[in-house]
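Peer 1: the following comprises the amino acid sequence and a computationally predicted model.
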Amino acid sequence: MITFFTTKNIKRVFPVISGNLGANIFYMRSKRIFTVTLFTLSLVYLVRGQVTFDTTYANSLSSDLGLQVLQTNDSGFVVIGRSLDSIGGLDLYALRVDSVGKIIWEDRYGGNRSEFDGSICKAWNGGYILLGTTFSFDAQLDDPYAVHVNDSGEVVWDSVYGGFEIDKGKSVIPFVDSTYLILGETSSYATNGLRDIFILKIDQNGDSLGYYTYGCEVRTDAKGVGSTPWGNYLIVGLGRPNNGDDTVCFFNINGDGNLNWSQSFPYPTQFAPTSLLTWDVRQSSRQTMLVKGRNFVMEIDSLGNVIHMDTTMFGQKIISLATGEMVMIGRGLGKYDQNFTNLWRRDDYGEDLLDGVELGDGGFMLLTRGFDNNGWSDIRLIRTDCEGNVQNPVFCSVTSVEPDNDFVFSLYPNPANEYLYINLPPDIHHAQLLFYDYSGRNLGDFLLHNGENRINLPEIATGLIIYEIRISDQIQYGKVLIQK
């Protein structure tokens, strides 16, 4: 039976006020109010339509750290992170910029004590869902904290969840029925040990719909969750026993939260696990899942079997490319083939990279740290070409797809605006086209025939999306940028 996480009594729905409210104005309870002006240190390059830039967003009144970057529907970007002001206040922090790094808005969210961690996803009804952990709002200990902001950064609602012990929010993803899944750690509701992983489902108003807990040791840390190509979800945890070695735990769940299977493995390197580097869970283009720990990458199949593992790839995030290759973001930017062999590497960005996304022009948006003259940390965004260059970028063509000799089709234009065309060869009579966003949410499903097929795009979400073409028992994946 599903029981409910307690929704703390600070649940508020805010009236939407027109205009940009600015930093810390919207509703901060007894939060310190500052008038903040960001200034940027920026280099922007444009070569044959290939835009690159390197911009630091300096703030003299706070130390800011970005944790995740997300591409917006208008080809801009939004960053979630945390901000520490000069008198010790820690808040969730969001910064939105346009496609060339110009600031649209920035704001801080939280109560009169501390908020930390930070995850973001697009909201079903517009705007963004921000997730963190709070020690404010009369929380006796840490609690998960979710905020829905609109496209201007104004708060629509915010909620705190949890019990009477330590509970933390780690990441949030959209779910297929227009709800959201929150991944976190709970001591209040642990049933497998002293600390369990939880999955909490909330509706579009932030109300709790139910939760499940999972664990593999006395203490199990939540490390990541992602939708799988098998039509369900993979949760990754780190099991920490009282004695002995840590373990990597996999939990495969269906859409109702029920456990399909679980697997656990000894932590696969000689290095002790640490929280200094993040973990990542991503789909590959080969119907498998990629799991990145501190200093390993695993590829697993639909039953949790390890197909491939590498213990030399240090990084923060994985980007899975339609070609079957992948890009590792961390101590520089590196591209790897399907056997995890390094093809090229760039490590001249000055700081370790914290997150990144692939762009429709073949380039990358990278998130890292900059520093002001006082040594305070600032958010720094680097937009590169397809080879990681900022200066002297090369033009990266992404106009057509020809996966192999047995399964040939063309898809154009890319980027697309009003229509997308797919040409199938004469001997292919029927095919299926599906669109997904990066959370695995289905954005559209179309039947194709031989020859030219025109897809009307107004109902498809904008931004960089994944397409899947199925012909008989063959499947090909790719990415297309939709601009409106």
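Peer 2: In hand now; what should we look at?
Peer 1: tell me how many other residues surround Gly350.
Peer 2: 12 (other C-beta atoms under 10 Å). (Each C-beta comes from the backbone N, C-alpha and C, glycine too.)
Peer 1: in space, what's closest to it - neighbours in sequence excluded?
Peer 2: On the basis of C-beta to C-beta, 6 or more residues apart in numbering, the spatially nearest residue to Gly350 that is not a chain neighbour turns out to be Thr368, at 7.7 Å.
Peer 1: touching, the one you found and Leu333? I think so.
Peer 2: No - Thr368 sits out of contact with Leu333 when judged by C-beta atoms under 8 Å, with a separation of 10.5 Å.
Peer 1: hang on, the earlier thing: check which helix or strand covers the residue nearest to Gly350.
Peer 2: Under the assignment given by DSSP states H and E, the secondary-structure element containing Thr368 is strand 364-371.
Peer 1: in that strand, what's buried?
Peer 2: Residues 364-370 are the ones in strand 364-371 that count as buried (16 or more other C-beta atoms under 10 Å).
Peer 1: just to revisit the earlier point, bridging residues for the residue nearest to Gly350?
Peer 2: For Thr368, the beta-bridge assignment (DSSP bridges) gives partners Arg380.
Peer 1: repeat that for Tyr467.
Peer 2: Beta-bridge pairing of Tyr467, defined through DSSP bridges, involves Phe435, Gly478.
Peer 1: please apply the same query to Leu448.
Peer 2: Under DSSP bridges, the beta-bridge partners of Leu448 are Ala431.
Peer 1: gap between it and Thr462?
Peer 2: Distance of Leu448 to Thr462, given as C-beta to C-beta, to the nearest Å: 22 Å.
Peer 1: who's more crowded, those two?
Peer 2: Neighbour totals were compared for Leu448 and Thr462, and Leu448 leads with 21 against 18 (other C-beta under 10 Å).
Peer 1: report the contact partners of the more buried one.
Peer 2: If you count contacts by C-beta atoms under 8 Å, 6 or more residues apart in numbering, Leu448 has them with 422, 424, 430-433, 469.
Peer 1: try it again at 10 Å.
Peer 2: Contacts for Leu448 were tallied using C-beta atoms under 10 Å, 6 or more residues apart in numbering; they are 409, 422-424, 428-433, 455, 469-471.
Peer 1: again, but for Thr191
Peer 2: Shown here is Thr191, whose contacts under the criterion C-beta under 10 Å, 6+ apart are 212-215.
Peer 1: now swap in Asp256 and tell me
Peer 2: Taking C-beta under 10 Å, 6+ apart as the definition, contacts of Asp256 comprise 2, 201, 210, 212, 232.
Peer 1: swap in Asn254?
Peer 2: For Asn254, the contacting residues are 231-233, 260, by C-beta under 10 Å, 6+ apart.
Peer 1: what's the spacing between the nearest residue to Ser377 once chain neighbours are set aside and Glu106?
Peer 2: Spatially, and ignoring its direct neighbours in sequence, Ser377 is nearest to Ser63 (4.7 Å; C-beta to C-beta, 6+ apart). With distances defined as C-beta to C-beta, the gap from Ser63 to Glu106 amounts to 14 Å.
Peer 1: name the spans of the stretch 301-450 of the chain whose pLDDT lies under the cut-off.
Peer 2: For the stretch 301-450 of the chain, residues meeting the criterion pLDDT under 70 lie at 314, 322-323, 395-407, 429, 437-442.
Peer 1: Asp385 reaches Leu366, doesn't it?
Peer 2: No - when contacts are counted by C-beta atoms under 10 Å, Asp385 is not listed as touching Leu366 (11.7 Å).
Peer 1: ok, back up a step: which of the buried residues of strand 364-371 lies closest to Leu238?
Peer 2: Within those, proximity to Leu238 (C-beta to C-beta) peaks at Leu367, which comes in at 23.4 Å.
Peer 1: can you pull the contacts of that closest one?
Peer 2: Contact criterion C-beta under 10 Å, 6+ apart gives 65-70, 77, 79-81, 316-317, 329, 353-357, 379-382 as the residues in contact with Leu367.
Peer 1: in strands only, show me those.
Peer 2: Secondary structure from DSSP state E places 65-70, 77, 79-81, 316-317, 329, 355-357, 379-382 of these in strands.
Peer 1: so where do the strands sit in the stretch 251-400 of the chain?
Peer 2: Per DSSP state E, counting those that start in this stretch, the stretch 251-400 of the chain carries strands over the ranges 259-266, 280-283, 289-292, 297-300, 306-310, 315-320, 326-330, 332-336, 342-346, 355-358, 364-371, 377-384.
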